[in-house]
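>>> Dropping a prediction and its sequence here:
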Amino acid sequence: MSNRDSTRLDDGIDDRTQRLPRVARWGISTAMDAAAHYRHLLALGRDEFLATAAPAVLVRYRGLARGPNHPGPATLTMTLDEELGDAVDEASARGKFTPESAEMELYALAKKPGASFRDRITIGRTLNNDVVIADPSVSRLHAYVRQADGWVVADAGSKNGSWLGNAALEPRRETPLPAGALLRFGDVRFTFFRSEDLFDLLGGDHGRR
């Protein structure tokens, strides 16, 4: 096992760092189940949604439904999967796109009971991470995010690297993570949403923006 792919993280944060609260997982078994669960939470209204949901999520779109007038792939600007291509978001601009028309995977950014590094939310391939990405391009411990003055993201010394937008992340160096940011871990691509933005994306309060 190489040092870059190790589950050990030289974090440089002292023991006085405040631990992140642990958030219940609601018995959700997959990222697809989590997306369905969040859609059900919309019925509670905005305040209850924000109180119940994780403070932020990673969203991955695996594909979009194609209509008879749109035979090619349609994408949102926050969609990053390469199989969707570089097509502009005509469906969204014409009001034809809804989150239900995409195969959406949602990964809650919250601590998992028993997970390591209690001051951060770890992302990696193995089950001891808070966010588990079952992809061979993702290292056992690939990256992490945490809330400081806002959110930050860092590569954890992964084998295949991490990107924020088009910029490669330096190993173990934290970088501010803005709302709507585009992330890539290995070959897997995501969009970062805060819970309040996710509420609007999913059509809460009839999709107000």
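Received the coordinates, thanks.
>>> mean confidence score for whichever strand or helix holds residue 33?
In the assignment (DSSP states H and E), residue 33 maps to helix 31-41. The average pLDDT for helix 31-41 rounds to 83.
>>> Would you mark the buried spots in the very next helix or strand once past that helix?
On the C-terminal side of helix 31-41, the nearest following helix or strand under DSSP H and E is helix 46-52. Residues of helix 46-52 classed as buried: 49, 50 (neighbour count, 16 or more other Cβ atoms under 10 Å). Yep, even glycine has a C-beta here, placed from its N, CA and C like the rest.
>>> quick one: contacts of helix 46-52?
With contacts defined as Cβ atoms under 8 Å, 6 or more residues apart in numbering, helix 46-52 is touched by 41, 42, 44, 195, 196, 199, 204, 205.
>>> The first one against residue 54, yeah?
No - the pair residue 41 and residue 54 does not pass the contact test of Cβ atoms under 8 Å, sitting 10.7 Å apart.
>>> Show me which of the contacts of helix 46-52 are buried.
The neighbour count (16+ other Cβ under 10 Å) marks 41, 42, 195, 196, 199, 204 as buried among the contacts of helix 46-52.
>>> ok, residue 183 - contacts?
Contacts of residue 183 (Cβ under 8 Å, 6+ apart): 58, 153, 162, 163, 164, 177, 189, 190, 191, 192.
>>> and of the residues you listed, the nearest to residue 141?
Of all those, residue 141 sits closest to residue 162, with 11.6 Å by Cβ to Cβ.
>>> Quick one: neighbours of the closest one, just the number.
For residue 162, the neighbour count with other Cβ atoms under 10 Å is 26.
>>> Ramachandran coordinates for it?
With angles defined as degrees, to the nearest 10, residue 162 sits at phi -130, psi 150.
>>> close enough to count as contact, it and residue 173?
No - look at residue 162 against residue 173 with Cβ under 8 Å: they stay out of range, at 10.7 Å.
>>> joint contacts of those two?
Common contacts of residue 162 and residue 173 (Cβ under 8 Å, 6+ apart): residue 155.
>>> Residue 184: which element?
In the assignment (DSSP H and E), residue 184 maps to strand 182-185.
>>> Within its sheet, name the partner strands of that strand and how each one runs.
strand 162-164 (antiparallel), strand 188-194 (antiparallel) (DSSP bridges).
>>> Contacts for the shortest one next, please.
Think strand 162-164. Outside strand 162-164, the residues that touch it by Cβ under 8 Å, 6+ apart are 142-143, 153, 155, 168-169, 175, 177, 181-186.
>>> Same question for the longest one.
Strand 188-194 is contacted from outside by 55-60, 78-82, 107, 133, 135, 137-138, 151, 153, 177-184, 201, using Cβ under 8 Å, 6+ apart.
>>> ok, residue 59 - how many residues close by?
26.
>>> Beyond the helix or strand bottoming out on mean pLDDT in the chain, next helix or strand please.
When each helix and strand of the chain is scored by mean pLDDT, DSSP states H and E, helix 90-93 comes last, with a mean of 36. Using DSSP H and E, the helix or strand that directly follows helix 90-93 along the chain is strand 102-108.
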